[in-house]
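Engineer: Predicted model, plus sequence, below.
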Amino acid sequence: AQRVTQPEKLLSVFKGAPVELKCNYSYSGSPELFWYVQYSRQRLQLLLRHISRESIKGFTADLNKGETSFHLKKPFAQEEDSAMYYCALRPSGGSNYKLTFGKGTLLTVNP
Amino acid sequence: GAVVSQHPSWVICKSGTSVKIECRSLDFQATTMFWYRQFPKQSLMLMATSNEGSKATYEQGVEKDKFLINHASLTLSTLTVTSAHPEDSSFYICSASPRDISTDTQYFGPGTRLTVL
């Protein structure tokens, strides 16, 4: 069975501070990991995925297979980063495989 | 970019009635669509996976006779909540997976808020 754990329900930081949203996963095979973001009153959208190794809006995430983690990081948080962040996992093999979401972390960046 | 729409965006109905929610991929063909349910301030819970031209695959605990899914074409899937009750009130979200596997992602609709009185 696949499981995604986001231990922090709420995270509050000040503008300009570093931010790290934690994500741990459990899956017996080779997973693909994603971070999705949901801004207030907007639809869920893909932020980044581990296979792309990209940085989006200053966010990065590294897959650590040893620790089964995929933490999302940003060195200097901005107020517009305030949103709900979901970590998600799916088996390798294509987008038709279902995603398993964590419970989400609500990030608030204070001025 | 790929866009997924849902209709209606919100609906209020009386207990015992049925409600149909549409999910459309506007500028791409979707081989697979997913239906999720989201409770306030909680995560998305996958209800079912819908493949064009075949029966939907429901997750454990989801009543297939209550939540009827029809994926009639490569751009349209519908979710019908039959004999709705107040406990069915929730936010229903669909996502679509493009036929073009090179895009390799799911695109989410804006959601439909259902309130059952």
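Structural biologist: Sure, I can see it. Numbers count the residues shown, from 1 in each chain, chains lettered A, B, ... in the order given.
Engineer: Can the helix or strand B:Ile69 falls within be said to contact chain A?
Structural biologist: Using DSSP states H and E, B:Ile69 maps to strand B:67-73. No. Strand B:67-73 lies apart from chain A when judged by CB under 8 Å from any CB of the partner chain; the minimum separation is 12.5 Å. In short, each C-beta sits where N, CA and C put it, glycine included.
Engineer: Pull up the pairing partners for that strand, direction included.
Structural biologist: strand B:76-81 (antiparallel) (DSSP bridges).
Engineer: Strands of the chain, start to end?
Structural biologist: You didn't say which chain, so I picked chain A. A:3-5, A:10-14, A:19-21, A:24-26, A:31-38, A:45-49, A:60-61, A:72-74, A:83-91, A:100-101, A:105-110 (DSSP state E).
Engineer: if you could check chain B rather than the one you did, that'd help
Structural biologist: B:4-7, B:10-13, B:19-25, B:30-38, B:44-51, B:57-58, B:67-73, B:76-81, B:90-98, B:107-108, B:112-116.
Engineer: Reformat those strands into TSV and put distance to A:Thr108 and mean pLDDT next to each item.
Structural biologist: Listed next are the strands of chain B as TSV, based on distance: least, CB to CB, whole Å; pLDDT from 0 to 100:
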stretch	distance to A:Thr108	mean pLDDT
strand B:4-7	28	96
strand B:10-13	26	96
strand B:19-25	31	96
strand B:30-38	20	91
strand B:44-51	21	91
strand B:57-58	36	92
strand B:67-73	34	90
strand B:76-81	33	96
strand B:90-98	21	92
strand B:107-108	23	92
strand B:112-116	23	96
